[in-house]
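Visitor: Got a predicted structure here, sequence first:
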Amino acid sequence: AQSVAQPEDQVNVAEGNPLTVKCTYSVSGNPYLFWYVQYPNRGLQFLLKYITGDNLVKGSYGFEAEFNKSQTSFHLKKPSALVSDSALYFCAVRDGNFNKFYFGSGTKLNVKP
Amino acid sequence: NAGVTQTPKFQVLKTGQSMTLQCAQDMNHNSMYWYRQDPGMGLRLIYYSASEGTTDKGEVPNGYNVSRLNKREFSLRLESAAPSQTSVYFCASSEGQGVAGYTFGSGTRLTVV
């Protein structure tokens, strides 16, 4: 069965420090992986995706994610966090049925000045 | 730059009442989706429509019905609202098979008392 796990409900980091938000997945076939960000009272916004190619994917707002097939992980990273990065982050995987995405439970990122 | 528009933004219903959540997209996307978001559970797919004239059940369809009125509009109906349907509802759309990701609306916050 397809699934996505975000093991941390919350991640706290100081501004200027690197951040990592973790995601692991289980999917049949080749994974299509996504990260979305949600600001308070807003819909989800697309950050980046991995379909194929380089394992390091760069996306919006300076975020990047590393695909690791052996560890079935797709962790979101940023070299230097900003207070404005504070939001809820969702990892998602698209399974072989193109109409179905599975979302993780979300990780709240808190960046403190 | 409307994207995906949802109405209403907020709604309070009494148990047993009915209502329809409206969703419209102006990006000429083929596929549309309804998700609900509950704390600690991420987003769960209620129904989706791969193309105009087709609808299919997602993970949590019980208590809901949908209508794909035309290519632009995809509505979600609660026939007899229950407190368990208190949630934030998101509509999304995608082009083709969703490889480019989804575009989300800003959500409808529904409370059933």
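Guide: Sure, I can see it. Numbers count the residues shown, from 1 in each chain, chains lettered A, B, ... in the order given.

Visitor: what helix or strand is the residue nearest to the spatial centre of chain B on?
Guide: Geometric centre of chain B, nearest residue: B:Trp34, 2.9 Å, by CA atoms, centre = their mean. Assigned by DSSP states H and E, B:Trp34 falls within strand B:31-38.

Visitor: Could you please name the strands that strand pairs with and the direction of each pair?
Guide: In the sheet, strand B:31-38 lines up against strand B:42-49 (antiparallel), strand B:87-94 (antiparallel) (DSSP bridges).

Visitor: In which helix or strand does residue 74 reside?
Guide: The chain I'm using is chain A. strand A:73-78.

Visitor: Please refer instead to chain B.
Guide: strand B:74-78.

Visitor: Please work out the average pLDDT along that strand.
Guide: For strand B:74-78, mean pLDDT rounds to 97.

Visitor: Give the buried residues for that strand.
Guide: B:74-76, B:78 (16 or more other CB atoms under 10 Å in any protein chain shown). Just so you know, the C-beta spots here come from the backbone N, C-alpha and C atoms, and that holds for glycine as well.

Visitor: where does chain A dip in pLDDT?
Guide: A:1, A:96-99 (pLDDT under 70).

Visitor: Within range of chain B, give me the residues from it.
Guide: A:4, A:6, A:9, A:32, A:34, A:36, A:41-46, A:49, A:51, A:90, A:94, A:98-101, A:103-106 (CB under 8 Å from any CB of the partner chain).
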